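Participant: everything below, folded, please.
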Amino acid sequence: MTDEDRELTLGTKTWLRMGVRRTEPMAVEPLAGPPSGARLAVLSTGGAVAPGQEPFSTGKTGDASFRTFPSTTDPDDLRFDHPHYDTALAAADPDCILPLRLLRTMAEEGEVGELAPTAFSMMGYVPLSRQVTEGSAPEIGELMQGEAVDAALLCPA
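Facilitator: Below is the predicted model of the structure:
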């Protein structure tokens, strides 16, 4: 075993002790019709927070929670909490992390049917992924289903 293999094995064991595990791929279904007729939800992992909302925790353990806000929210009103990218860039151009303006324009021009009423945001740094796979992700999925979302756009930070 090489030193690199040994390091990878030790790293994997550390992650497993922390509760990280592999998950089975989820089923993906093709869009039932053209995008021009679809209701699209947007989810960013850039830590977007609307006015009045609690900030994301940017500590060592990450933050598996999520925030929701109307997709009509002015992107310039958002702030960004994330320890692993320069959030000043997101503040200067929020569409690079959460493209609400672009998606609204696409809906107005008929490229997508409409934007779902709710936008979703998480902080992408969550080393204990079980909190997301067993908690936040299913809850977000249920909320999207409740809004009759046809497709979701994931915008990773």
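Participant: sort out which residues of the longest strand along the chain are buried, please.
Facilitator: Taking DSSP state E as the criterion, the chain has its longest strand at strand 114-122. Residues of strand 114-122 classed as buried by neighbour count (16 or more other Cβ atoms under 10 Å): Glu114, Leu115, Ala116, Thr118, Ala119, Phe120, Ser121, Met122. To be clear about C-beta, it is placed using only N, CA and C from the backbone, and glycine gets the same treatment.
Participant: got the contact list for the fifth one?
Facilitator: Listed by Cβ atoms under 8 Å, 6 or more residues apart in numbering, the contact partners of Ala119 are Ala41, Val42, Leu43, Ser44, Ala48, Thr68, Phe69, Pro70, Ser71, Thr73, Leu98, Leu100.
Participant: from the residues you listed, which ones fall inside strands?
Facilitator: Ala41, Val42, Leu43, Ser44, Ala48, Thr68, Phe69, Pro70.
Participant: my guess is Thr133 is in a strand, correct?
Facilitator: No: per DSSP: H, G, I helix; E, B strand; the rest coil, Thr133 lies outside any strand segment and is helix.
Participant: of the ones in strands among the contacts of Ala119, just the buried ones, ChimeraX syntax please.
Facilitator: The ChimeraX selection below is limited to those of the ones in strands among the contacts of Ala119 classed as buried (16+ other Cβ under 10 Å):
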select :41,42,43,44,48,69
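Participant: between the ones in strands among the contacts of Ala119, which is nearest Asp81?
Facilitator: Ala48 (8.4 Å; Cβ to Cβ).
Participant: name the nearest residue to the closest one, ignoring sequence neighbours.
Facilitator: Ser121 (3.9 Å; Cβ to Cβ, 6 or more residues apart in numbering).
Participant: picking up where we left off before, which two in the buried residues of strand 114-122 are spaced the farthest apart?
Facilitator: Checking the buried residues of strand 114-122 with Cβ to Cβ, the most distant pair is Glu114 and Met122, at 22.7 Å.
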